[in-house]
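*Asks:* fold the following.
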Amino acid sequence: MAAETEPLLQALDRGQASRQRLRRWVPVLVPRLLGDALAAGGGALLGYEYRFYLSGVPIPGQQVPSFAAYAVAVPVVVGLWLLTFACTGRYRFRPGQSFVDEMLGAVGSVALFVILALALEGLYRGFPYSRLVLADAALAALLLFVAERALLRLAEGALLRAGSGGLRVVVVGSGPVADLLMRRLRMFPEFGYRVVAKVETDAGSGPVARGADPPVYQLRSGLGPILARDRVDQVVLALSGEGHERVLELARECLAQGAEVKVVPDVLEIMTSAANTEEVAGLPLVGIRPNRLVGANLLLKRGFDLVGALLLSLVALPVVGLCCLAILVSSPGPPFYTQERLGLRGRRFRVFKLRSMVADAERETGPVMTSSADPRRTPVGRFIRRFSLDELPQLLNVLRGEMSLVGPRPERPFFARQFERTVPRYRDRLQVLPGCTGWAQVNDLRQASSMEERIFYDIYYVENWSLGFDLKILLLTPWRLLFHRHAY
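*Replies:* Numbers count the residues shown, from 1 in each chain. A predicted model of the protein is given here:
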């Protein structure tokens with residue numbers, strides 16, 4: 001009898017877990033639906049106002065159409081907007097999704113909304129609605145949507161940082177991969193993950209860190225008791241060096257308990273992020289992608305760098321001029337200096353920077369990593385380093401072909417030699433030009449982070465480069481410059 005009822009009990013457990021996740025998502029979903037409805041309705045009204053009163057475009061018949069006819073259409077516009085966003089997955093719970101990714105996805109949803117609205121307008125014969133109003137309304141609604149989601153993200157982030165809501169997550173694993181994952185998830189609670197426990201896979205029993213936050217356990221027989229007690233939504237397996245059977249065994253146990261399962265690849269040991277699959281005679285084969293920045297892709301990236309660096313230089317020049325003046329007034333010495341760095345395939349070059357420390361800061365000590373309490377920084381230097389203004393002259397390095405707008409940050413040869421001995425796959429980051437900003441930097445891995453942490457992100461960028469990825473990083477950079485916590 002027990003064997004017969006076990007599948008039913010497991011199904012009930014999974015149903016309960018799904019209801020728990022739904023209860024956590026509803027408080028987030030309702031404000032988004034209301035905010036989107038206001039954005040769509042407000043956009044429709046603004047579109048009417050702009051077309052007939054502000055745009056200056058001639059009106060057929062020189063008579064403004066009745067506002068009542070357009071007001072009646074507002075509920076239809078709101079309903080179509082919400083339906084389009086729901087069908088394109090805008091209301092799915094996507095913890096960890098960046099604001100830029102969410103907005104880029106919304107552009108496609110808005111385009112589909114416009115197409116459907118034009119189709120409805122063509123089918124309806126009761127009133128000749130202006131298509132210019134629709135275009136203006138869609139643009140206004142998109143801008144209101146961006147502002148609405150930005151405010152909601154700030155509110156949701158504050159609640160998540162306070163420990164309210166989010167997916168309840170357990171990290172399973174030992175070693176650097178699991179440790180890095182724990183630090184990253186706890187560093188950014190606004191991503192929607194709330195780590196409730198860590199389970200070490202080394203031999204042992206019971207809690208291994210009493211009083212720790214979150215509690216740390218050692219895996220004895222199974223994960224079932226922990227998942228049930230902590231009402232876990234998701235389990236992340238970060239199992240470096242574990243066999244496939246062990247990973248599958250733990251995954252099956254989590255799924256039976258109604259918890260989602262994610263697996264973190266150990267990119268320090270295998271090139272999972274560079275893998276692609278194909279089928280030959282019905283059998284799946286996994287290949288390792290070569291460096292994607294060759295041939296046409298290399299020319300495309302170089303053209304993007306040149307155009308981007310020229311445009312950014314126009315904005316940066318007055319800022320650099322003000323910084324130079326402040327440096328000259330506040331401390332003796334030149335406002336600029338150069339420093340040797342490693343570039344593509346380990347070639348050395350001189351990087352341009354604004355001086356943020358006292359002149360000849362390393363004359364007596366030699367190369368030294370900076371710290372948050374570094375006494376060599378000047379008052380102006382602390383400010384320009386906090387917002388990375390000292391890096392603006394590197395746009396000249398981009399124009400000279402020594403750097404790219406996006407890529408792993410260039411390292412000094414003295415420290416690079418140390419990293420090559422201690423950090424696996426360090427030289428893989430030298431397959432591409434170093435960048436003014438990078439994937440590690442927009443993920444808040446700055447001076448306070450170790451190279452062991454940054455190498456995960458650098459290698460991921462090298463093996464997954466695309467022009468869209470570069471654009472995403474550039475769009476994220478200004479936001480990170482304002483709110484990152486590990487720059488000094």
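*Asks:* could you use CA atoms for every contact and neighbour count after this?
*Replies:* Fine.
*Asks:* surely Leu142 meets Val110?
*Replies:* Yes. With contacts defined as CA atoms under 8 Å, Leu142 counts as touching Val110 at a distance of 7.3 Å.
*Asks:* give me the element Gly366 is part of.
*Replies:* In this structure, Gly366 sits in neither a helix nor a strand according to DSSP states H and E.
*Asks:* buried residues, the helix or strand Pro478 falls within. List them.
*Replies:* Counting by DSSP H and E, the element that carries Pro478 is helix 467-483. Taking 16 or more other CA atoms under 10 Å as the basis for neighbour counts, the residues of helix 467-483 that come out buried are Asp470, Lys472, Ile473, Leu474, Leu476, Thr477, Arg480, Leu481.
*Asks:* what does stretch 382-401 give?
*Replies:* In terms of neighbour count (16+ other CA under 10 Å), stretch 382-401 has its buried residues at 382-399.
*Asks:* just these: which are in helices?
*Replies:* Assigned to helices by DSSP state H, the following of those qualify: Arg382, Phe383, Ile384, Arg385, Arg386, Gln394, Leu395, Leu396, Asn397, Val398, Leu399.
*Asks:* out of the residues you listed, who's nearest Val133?
*Replies:* Lowest distance from Val133 to these (CA to CA) belongs to Leu395, with 41.8 Å.
*Asks:* Provide a list of residues in contact with that closest one.
*Replies:* With contact set as CA atoms under 8 Å, 6 or more residues apart in numbering, Leu395 has these partners: Ala309, Leu312, Ser313, Leu405, Cys436.
*Asks:* hang on, the earlier thing: what helices or strands is the helix holding Pro478 leaning on?
*Replies:* For helix 467-483, the contact count by 3 or more CA pairs under 8 Å, 6 or more residues apart in numbering; DSSP states H and E identifies helix 99-123, strand 404-406, strand 435-437, helix 439-442 as packing neighbours.
*Asks:* ranking these by burial, who's on top?
*Replies:* Counting by mean count of other CA atoms under 10 Å, strand 404-406 has the highest mean neighbour count of the helices and strands packed on helix 467-483, with a mean of 27.
*Asks:* C-terminal to that one, what's the next element?
*Replies:* Going C-terminal from strand 404-406, and assigning secondary structure by DSSP H and E, you next hit helix 413-422.
*Asks:* now for that next one, which elements pack on it?
*Replies:* Using 3+ CA pairs under 8 Å, 6+ apart as the test, helix 413-422 ends up in contact with strand 336-342.
*Asks:* which is the next helix or strand following the strand it packs on?
*Replies:* Remark: after strand 336-342, the chain's next helix or strand is strand 348-354, criterion DSSP H and E.
*Asks:* list the contacts of that next one.
*Replies:* If you take CA under 8 Å, 6+ apart as the criterion, strand 348-354 is touched by 323-324, 335-343, 389-394, 396-397, 402.
*Asks:* likewise stretch 174-187?
*Replies:* When contacts are defined by CA under 8 Å, 6+ apart, stretch 174-187 is touched by residues 171-172, 191, 193-195, 200-202, 238-240, 264, 266, 453.
*Asks:* list the buried ones in that stretch?
*Replies:* Buried, per 16+ other CA under 10 Å, within stretch 174-187: Ser174, Pro176, Val177, Ala178, Leu181, Met182, Leu185, Arg186.
*Asks:* turn those into TSV, columns for secondary structure and pLDDT.
*Replies:* Listed next are these as TSV, based on DSSP: H, G, I helix; E, B strand; the rest coil; pLDDT from 0 to 100:
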residue	secondary structure	pLDDT
Ser174	coil	80
Pro176	helix	75
Val177	helix	76
Ala178	helix	81
Leu181	helix	81
Met182	helix	83
Leu185	helix	80
Arg186	helix	78
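*Asks:* list just the nearest of these to Arg421.
*Replies:* Where the buried residues of stretch 174-187 are concerned, and distances follow CA to CA, Arg421 has its nearest neighbour in Pro176, at 16.9 Å.
*Asks:* do you know how far the closest one is from Phe191?
*Replies:* Pro176 is 21 Å from Phe191, where distance means CA to CA, to the nearest Å.
*Asks:* helix, strand, or coil at Lys198?
*Replies:* Lys198 carries the three-state label strand when classified by DSSP: H, G, I helix; E, B strand; the rest coil.
*Asks:* any chance you could read off phi and psi for the residue positioned nearest the centre of the chain?
*Replies:* Centre of the chain computed as the mean C-alpha position; nearest residue by CA atoms, centre = their mean is Ser98, 4.2 Å away. Comment: the main-chain dihedrals of Ser98 come out as phi -70, psi 160, following degrees, to the nearest 10.
*Asks:* which intervals of the chain have sub-threshold pLDDT?
*Replies:* Low-confidence segments of the chain, defined by pLDDT under 70: 1-26, 61, 202-212, 221, 240-244, 265-291, 364, 371-373, 447-448, 483-488.
*Asks:* what segments of the stretch 201-350 of the chain are strands?
*Replies:* Along the stretch 201-350 of the chain, the stretches classed as strands by DSSP state E, counting those that start in this stretch are 207-209, 216-218, 234-237, 260-263, 275-280, 283-288, 336-342, 348-354.
*Asks:* the third one pairs with which strands?
*Replies:* This points to strand 234-237. Using DSSP bridges, the neighbouring strands of strand 234-237 in the sheet come out as strand 167-172 (parallel), strand 260-263 (parallel).
*Asks:* winner for burial among these?
*Replies:* Comparing the strands paired with strand 234-237 by mean neighbour count (mean count of other CA under 10 Å), strand 167-172 ranks first with a mean of 24.
*Asks:* need the residues that contact that one.
*Replies:* 21, 24, 95, 178, 181-182, 192-201, 230-239.
*Asks:* switch the cut-off to 7 Å
*Replies:* Strand 167-172 is contacted by residues 192-200, 232-238 when judged by CA atoms under 7 Å, 6 or more residues apart in numbering.
*Asks:* off-centre distance for that strand?
*Replies:* Taking CA atoms, centre = their mean, to the nearest Å, one finds the center of strand 167-172 at 20 Å from the center of the full chain.
*Asks:* and what of stretch 115-129?
*Replies:* Using CA atoms, centre = their mean, the mean C-alpha position of stretch 115-129 is found 39 Å from that of the whole chain.
*Asks:* picking that back up, could the strands paired with strand 234-237 go into JSON lines alongside distance to Gly126?
*Replies:* Conversion of these to JSON lines gives the following (distance: least, CA to CA, whole Å):
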{"stretch": "strand 167-172", "distance to Gly126": "49"}
{"stretch": "strand 260-263", "distance to Gly126": "50"}
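*Asks:* figure out which of those strands is closest to Pro413.
*Replies:* Using CA to CA as the measure, strand 260-263 is the one of the strands paired with strand 234-237 that comes nearest Pro413, at 35.0 Å.
*Asks:* so how far is Leu219 from Glu200?
*Replies:* Distance check for Glu200 against Leu219: by CA to CA, it reads 6 Å.
*Asks:* much appreciated, bye for now.
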